[in-house]
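Trainee: based on what follows, work out the 3D shape:
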Amino acid sequence: MKRAIPWLFLISLTACVGTAPDSLSVYVSTVPAGASCVLNDNGRQVDRIDATPAIARVPNHDATIAIVCRRPGYYEARASTQLAADTEKISEFFGAREAHDGGTTVSIALVPLHLGAN
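Mentor: Residues are numbered from 1 along each chain as shown. Coordinates of the predicted model:
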């Protein structure tokens, strides 16, 4: 029975350990607001925003996320952001609580198709 106690302790610890999130957040805002945006990871669409500002969810891994935004009357705008995977930390294994989601914020200025003539 004494040999079983350490194993039971380890099993109970692993049951309490959380896991890293499946996705990360990318907050996208545009000036002016109201653009639709597509987020791509290595050429594959991972999320879509119907109108900025909004939060998109992308897979939780190291990646460069390409963002393409469109709004009528404005040129298409492109941006990218580098994300690092959000992994569980050893301190969480021992009970510390940390906020997850190593997401990011991206702000994009849209350029009007026709600038007013003076």
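Trainee: OK, contacts around the closest residue to A54 other than its chain neighbours?
Mentor: If the residues on either side of it in the chain are set aside, A54 comes closest to V28, at 6.3 Å by CB to CB, 6 or more residues apart in numbering. Just so you know, the C-beta spots here come from the backbone N, C-alpha and C atoms, and that holds for glycine as well. With contacts defined as CB atoms under 8 Å, 6 or more residues apart in numbering, V28 is in contact with 37, 39, 49, 52-56, 67, 69, 105-108.
Trainee: tell me which helix or strand V28 sits in.
Mentor: strand 23-31 (DSSP states H and E).
Trainee: that strand pairs with which strands?
Mentor: strand 54-59 (antiparallel), strand 104-109 (parallel) (DSSP bridges).
Trainee: what comes up buried for that strand?
Mentor: 23-26, 28-30 (16 or more other CB atoms under 10 Å).
Trainee: kindly report the same for stretch 47-54.
Mentor: For stretch 47-54, by 16+ other CB under 10 Å, it's 47, 49, 52, 54.
Trainee: list the beta-bridge partners for the residue nearest to A56 when sequence neighbours are not counted.
Mentor: Closest residue in space to A56, ignoring its immediate chain neighbours: D47 at 4.0 Å, by CB to CB, 6+ apart. Taking DSSP bridges, one finds L39 as the beta-bridge partners of D47.
Trainee: burial of the residue nearest to L24 when sequence neighbours are not counted, as a residue count?
Mentor: Closest residue in space to L24, ignoring its immediate chain neighbours: G103 at 4.5 Å, by CB to CB, 6+ apart. Here the number of neighbours of G103 (other CB atoms under 10 Å) works out to 19.
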